[in-house]
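Engineer: Quick one, structure for this:
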Amino acid sequence: MSLDLRHVESFVAVADTRSFSSAAEKTGTVQSAVSAHIRLLEQRLSRKLVERGRGKPVSLTNEGNAFLVKARRLLVLADEAMEGSPISGTASPIRLGTTMTFALSALPPALASFATAAPDNPVTVTTARSHDLRDLLDNGSIDIALVLDQGPHTGRIETVPVPLVWTAVPSFAYDSSRPLPLAFLNDARDLRRHALTALDTEPERQTELQFHADPVGLRAVLLAGLAATILQRPALCEKLIDIGPRLKLPSLGSVPVSIYVAARQEREAVRKLVAELRRQIDRKPR
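Structural biologist: Predicted structure coming up:
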């Protein structure tokens, strides 16, 4: 499991100052970036590190205090590794942010094609929810964001309407005499709305909804064949397919998927990666 050292640095700064605003000043960033870094670090470690609340002082949890020792050691080791001259000819990595759904589906072929076209340009990947990723773009933590559209923005350079599809594993079995099991993330309100709106055209079809807090947990349920969901068409992969035609499910709408690029990102490699991402989200099913 890899950790983003910027997230670790923000955590140590919060631990030292007991203030998100002071930590932002110490690390040369903004308070929203520090907050996002801590949230992403907690998600990566699957544990709560910082106690925070309106009007309450910032403090560390027991797990936060335990991790602080390791965090300081990580930063020392990173400083030692960076001592000396930089490696000649090594390009700065392009920092790409996207959702877990796209990271597990559309992103790998895009990165593989990009690596062939620009072999000397490494890419690092951060996963988060779409609205968090645009915040990370604005505070300089990532260079590119591939997300569900987050509205007008100076960095929005591509927006593609992407069809939604009923999704499950090929072996998913559905007895039409029983409710259709559908699984969604807790905050996937737009996707649920599309699904329920489509199902309203077939009032005789019963559904059984289940909700999950974590995208990895949701994916486990889908891969086990225990439920179906709806996804953007580019999010389909070998293990998850469009089951709509087979089960005669009603047509769904589409959602806009956008690519945002940070200000002053004018590298040719960034343009090449954006082009590969564009091809993946606009690809037609085989």
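
Engineer: what are the ranges of the helices in the protein?
Structural biologist: Under the criterion DSSP state H, the chain contains helices at 5-17, 20-27, 31-45, 62-82, 100-103, 107-117, 130-138, 189-199, 215-223, 244-247, 268-281.

Engineer: Could you save the ones you listed as JSON lines and add columns showing mean pLDDT and mean neighbour count?
Structural biologist: Yep, even glycine has a C-beta here, placed from its N, CA and C like the rest. Compiled in JSON lines, the helices of the chain are given as follows (pLDDT from 0 to 100; neighbours: other CB atoms under 10 Å):
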{"stretch": "helix 5-17", "mean pLDDT": "89", "mean neighbour count": "21"}
{"stretch": "helix 20-27", "mean pLDDT": "85", "mean neighbour count": "18"}
{"stretch": "helix 31-45", "mean pLDDT": "89", "mean neighbour count": "20"}
{"stretch": "helix 62-82", "mean pLDDT": "82", "mean neighbour count": "13"}
{"stretch": "helix 100-103", "mean pLDDT": "89", "mean neighbour count": "21"}
{"stretch": "helix 107-117", "mean pLDDT": "93", "mean neighbour count": "16"}
{"stretch": "helix 130-138", "mean pLDDT": "85", "mean neighbour count": "21"}
{"stretch": "helix 189-199", "mean pLDDT": "90", "mean neighbour count": "16"}
{"stretch": "helix 215-223", "mean pLDDT": "90", "mean neighbour count": "16"}
{"stretch": "helix 244-247", "mean pLDDT": "92", "mean neighbour count": "14"}
{"stretch": "helix 268-281", "mean pLDDT": "92", "mean neighbour count": "19"}
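
Engineer: Which neighbours in the sheet does the longest strand along the chain have, and how are they oriented?
Structural biologist: Counting residues, the longest strand found in the chain (DSSP state E) is strand 156-168. Sheet pairing of strand 156-168 (DSSP bridges) gives strand 229-232 (antiparallel), strand 241-242 (antiparallel), strand 254-261 (antiparallel).

Engineer: closest to Lys272 out of these?
Structural biologist: Closest of the strands paired with strand 156-168 to Lys272 is strand 254-261, at 12.3 Å (criterion: CB to CB).

Engineer: Need the residue closest to the centroid of the chain.
Structural biologist: Thr99 (2.2 Å; CA atoms, centre = their mean).

Engineer: shouldn't Asp143 be in contact with Thr98?
Structural biologist: No - contact criterion CB atoms under 8 Å: Asp143 and Thr98 do not qualify, at 12.0 Å.

Engineer: Tell me how many other residues surround the closest residue to Pro161 other than its chain neighbours.
Structural biologist: Take Pro161 and drop its neighbours on the chain: the residue closest to it by CB to CB, 6 or more residues apart in numbering is Ser254, 4.6 Å away. Using other CB atoms under 10 Å, Ser254 has 13 neighbouring residues.

Engineer: The chain should start at 203 in everything you say after this.
Structural biologist: Okay, using 203 as the starting number, the last item reads as Ser456.

Engineer: May I have the beta-bridge partners of Ser456?
Structural biologist: Pro365.

Engineer: Is it in contact with Thr361, as I believe?
Structural biologist: No - Ser456 lies out of contact with Thr361 (CB under 8 Å); the separation is 11.5 Å.

Engineer: State the distance from Leu350 to Val232.
Structural biologist: 24 Å (CB to CB, to the nearest Å).

Engineer: Looking at those two, which is more packed in?
Structural biologist: Just comparing Leu350 and Val232: by other CB under 10 Å the higher neighbour count belongs to Leu350, 20 against 17.

Engineer: Please look at that one and Phe304 and confirm they touch.
Structural biologist: No - counting by CB under 8 Å, Leu350 does not reach Phe304; the two are 9.4 Å apart.

Engineer: Distance check, Glu227 against Ala465.
Structural biologist: Counting by CB to CB - Glu227 and Ala465 are separated by 22 Å.

Engineer: List the residues that contact the spatially closest residue to Ser307 that is not a sequence neighbour.
Structural biologist: Closest residue in space to Ser307, ignoring its immediate chain neighbours: Ala437 at 4.3 Å, by CB to CB, 6+ apart. Contact partners of Ala437, counting by CB atoms under 8 Å, 6 or more residues apart in numbering, are 303-304, 306-308, 369.
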